[in-house]
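Undergrad: below: sequence and its predicted model.
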Amino acid sequence: MKRLSLALLGMAVSLCLWGETPLYLDSSASIEQRIDDALSRMTIREKVNMLHAQSKFSSAGVPRLGIPEFWTTDGPHGIRPEVLWDEWDQAGWTNDSCTAFPALTCLAATWNPEVSYLYGKSIGEEARYRKKDILLGPGVNIYRTPLNGRNFEYMGEDPYLASQMVVPYIQGVQSNGVAACVKHFALNNHEVNRHTTNVIVDERALHEIYLPAFKAAVEKGNAWSIMGSYNLYRDQHVCHNEYLLNDMLKRDWAFDGVVVSDWGGTHNTEQAITNGLDMEFGSWTNGLSAGASNAYDNYYLADPYIERLATGAADENVLNDKVRRVLRLAFRTNMNTNRPFGSLCSPEHSAAAREIGREGIVLLKNDGKVLPIRSEKGMKVAVIGENAIKMMTVGGGSSSLKARYEISPLDGLRKAFGDKVELVYARGYVGDPSGEYNGVTSGQDLSDSRSAAELLAEAIDVSRNADVVIFVGGLNKSAGQDCEDSDRASLELPYGQNELIEALAAVNPRLVFVNVSGNAVAMPWIKKVPAVVQAWYLGSEAGNAIADVITGQYNPSGKLPMTFPASLSQVGAHCFGNYLGEKRENENIYDCTYNEGIFVGYRWIDKHKEKPLFPFGHGLSYTTFAYGKPSASAKRMDAAGTLTVSVPVTNTGDVDGSETVQLYITDVKSSLPRPEKELKGFRKVKLAPGETQNVEFTILPEHLAFYSPEAGSMVTEQGKFRVKIGASSGDIRGEVEFEFVDNAIAVR
Ligand code: BGC
């Protein structure tokens, strides 16, 4: 009896101590109710503490209330290794290596939204396992110039393609309870002077070219966070930009997530408070150069914010809006008790990396069917080039990784060809011998003391008697190539590769050029080289994916997500003087006018009737496809209607293959100038030899729209439209016309 009463007393005491579960911790309550409750319990200091970094990659939660810290990570191709609390230097962990997935340019080249979901889900699982809440990616800045050092982290030149591909990536990441942070919003289209470039772009180009992928990320992908970019727009840094963040993102697109600054992209407390920034990161690195005991207290959204709140200079409602967003992020991520646990470096992730990689590889040219190379007994294959052996997951800036493993093209080819083939390797040239980025080493030392002439002689020697020569070259991830914080100096291949390729072609006509890059390169020797493969940066499984395509183990189906121009004179951004803009007198700001307006990529090529090296959307297969005549379900369409366009496509070769059928739309007559055609649909179909499929597309009024500065919205005008069905933007196979009968309707 005594024991029982003691037990009852104990229960009563603990009930008093613990009370009922507070609403914000009750996962059966709605997120908005939980936010209200948490907010009502927080002090001003606790609120402000959630709005800025507490270390290089984390921000504080509310320790008193059990709300966890946020951990961010790069992004977008794998989970970045751990750095020190206050610095970029490596923390030296031994369990922070990851699966390196192919670069986003490769993902875009698959033209396959299902593969994009697989990518997002897989990288999200790695982020989750590594206890990260926000993945800093994907990137969807439009490919305006092939010189941009960061194009490899983005999804190409076309707003429709990038929009279709970014949404599933976000959904896949976020299915893990990890937020995608879509970057770099917006107009960060080159790297040189990235903190001091003020972009001047007309409204049409802004809405038709540069914003749609971000809009899709928000409205269709429901991205939980967005990263502001470094540059300025309308003379304001974009991390605190009234028009882009308040008016566009938060008001017009109803974004309910968090705006995260790029690291060091915040410059001003007033603007950071009022112009839409929610979380400030990376403003400075340590407590020595710019801060006191805790540098983070001096961030723009830290003590200076508290001071303004204390004097009434800052409005507490604005503060609460920011904190609500951050709490919403918490309930979606680190306070979501239902989120899965993730996984790291699993066989499934390796398989995903290989699948994405080989599906994104683009067969650009294959005269005389040099490819695929099937191994035969006694066959001699010469592999030439630094990129056949160079690890590419280390380098390139913030996307640099510490991959658990990386299979080089040479190792992949060796394994695929097996013992019956004699495979010889010669380096051919020395490009970037270093194997280190930011303290992570690839373990490779590629220094070579031989002269260029000796390297060339060796390459020629091994190629002369080979049955086939595979030259693996291109760019790499060092500064001035495909690398953050710098742009390329020219479209040309570096390190004397053009001369080397010419010399190889002269001794062996069976030459395959495998271009490892995130950008278009010039190919002045193209007529002399029968086979060209675009292999991007493919991550851990690079060598296997390349070998799968080269040997025909996998039939290529990638298509270019950007134009390969023959020269920079075919790129709008380079046709009006310096693409970097002009420096202001007495001010460290570069005004950069996007003079080409909406005519970016193939839109410029079409307008000026240029013949590019390879057009946007181009990519071959080891089989061939015949397109029948396209037909439309009706001759007329109105604002409430839709139209179905179908086209029969047949595999006319003798192996299975996949074709991405592309649909472009031409507005025959419009009140404002429009591109000759615009991508508004694509479908990837897999066909067995002899098989025919009827490929169907649905056309909606929004596919006919352009931005009207007068109306301040996207509008569709009545009149004739031409649907063009093609295998690329340069290879239209059929057309069908219809009429849109409603006038000037605004579409969202
Ligand atoms: C890059 C971002 C990156 C961040 C954190 C910045 O320099 O622009 O893309 O996510 O650093 O590493």
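TA: Thanks, I have it.

Undergrad: care to break the protein down by domain?
TA: 347-558, 623-746 (automatic domain parsing).

Undergrad: most tightly packed of those?
TA: Compared across those, domain 347-558 shows the largest average neighbour count, a mean of 20 (mean count of other C-beta atoms under 10 Å). (Each C-beta comes from the backbone N, C-alpha and C, glycine too.)

Undergrad: end-to-end on that domain?
TA: With C-alpha to C-alpha, to the nearest Å as the measure, domain 347-558 spans 24 Å from end to end.

Undergrad: circling back to that earlier point, reformat the domains of the chain as JSON lines; add distance to the ligand and mean pLDDT.
TA: Formatted as JSON lines, these follow (distance: least, C-beta to the nearest ligand atom, whole Å; pLDDT from 0 to 100):
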{"stretch": "domain 347-558", "distance to the ligand": "4", "mean pLDDT": "97"}
{"stretch": "domain 623-746", "distance to the ligand": "27", "mean pLDDT": "96"}
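
Undergrad: contact partners for the residue most central in space within the chain?
TA: Among the residues of the chain, the one closest to the centroid is residue 154, at 3.1 Å (C-alpha atoms, centre = their mean). Neighbouring residues of residue 154 by C-beta atoms under 8 Å, 6 or more residues apart in numbering: 104, 105, 108, 139, 140, 141, 142, 143, 162.

Undergrad: most neighbours, which of these?
TA: Greatest neighbour count in the contacts of residue 154, by other C-beta atoms under 10 Å, goes to residue 104: 32 neighbours.

Undergrad: so what does it look like in phi/psi?
TA: phi -60, psi -30 (degrees, to the nearest 10).

Undergrad: just confirm it contacts residue 110, I think it does.
TA: No: applying C-beta atoms under 8 Å as the test, residue 104 and residue 110 come out as separate, 10.7 Å apart.

Undergrad: my guess is residue 561 meets residue 158, correct?
TA: Yes: the criterion here is C-beta under 8 Å, and residue 561 meets it with residue 158 at 6.9 Å.

Undergrad: still on that earlier bit, please report how far the residue nearest to the centre of the chain lies from the ligand.
TA: 11 Å (C-beta to the nearest ligand atom, to the nearest Å).

Undergrad: what's that residue sitting at in phi/psi?
TA: Per degrees, to the nearest 10, the backbone of residue 154 is at phi -120, psi -180.

Undergrad: now residue 474
TA: According to degrees, to the nearest 10, residue 474 has phi 110, psi -140.

Undergrad: would you map the strands across the stretch 251-400 of the chain?
TA: Applying DSSP state E, counting those that start in this stretch to the stretch 251-400 of the chain gives strands spanning 258-260, 362-366, 380-384.

Undergrad: and the first one, how far from the chain's centre?
TA: Relative to the centre of its chain, strand 258-260 is centred 18 Å away, using C-alpha atoms, centre = their mean, to the nearest Å.

Undergrad: what's the answer for the second one, then?
TA: Strand 362-366 sits 23 Å away from the centroid of its parent chain (C-alpha atoms, centre = their mean).

Undergrad: give me every residue that touches the residue of the stretch 101-250 of the chain found nearest the ligand.
TA: Closest to the ligand within the stretch 101-250 of the chain is residue 136: 3.7 Å, counting by C-beta to the nearest ligand atom. Contacts for residue 136 (C-beta under 8 Å, 6+ apart) come out as 72, 73, 74, 75, 76, 181, 183, 227, 260, 398.

Undergrad: go again using 10 Å as the cut-off
TA: Residues near residue 136 by C-beta atoms under 10 Å, 6 or more residues apart in numbering: 57, 72-76, 80, 127, 179-184, 225, 227, 260, 262-263, 281, 398-399.
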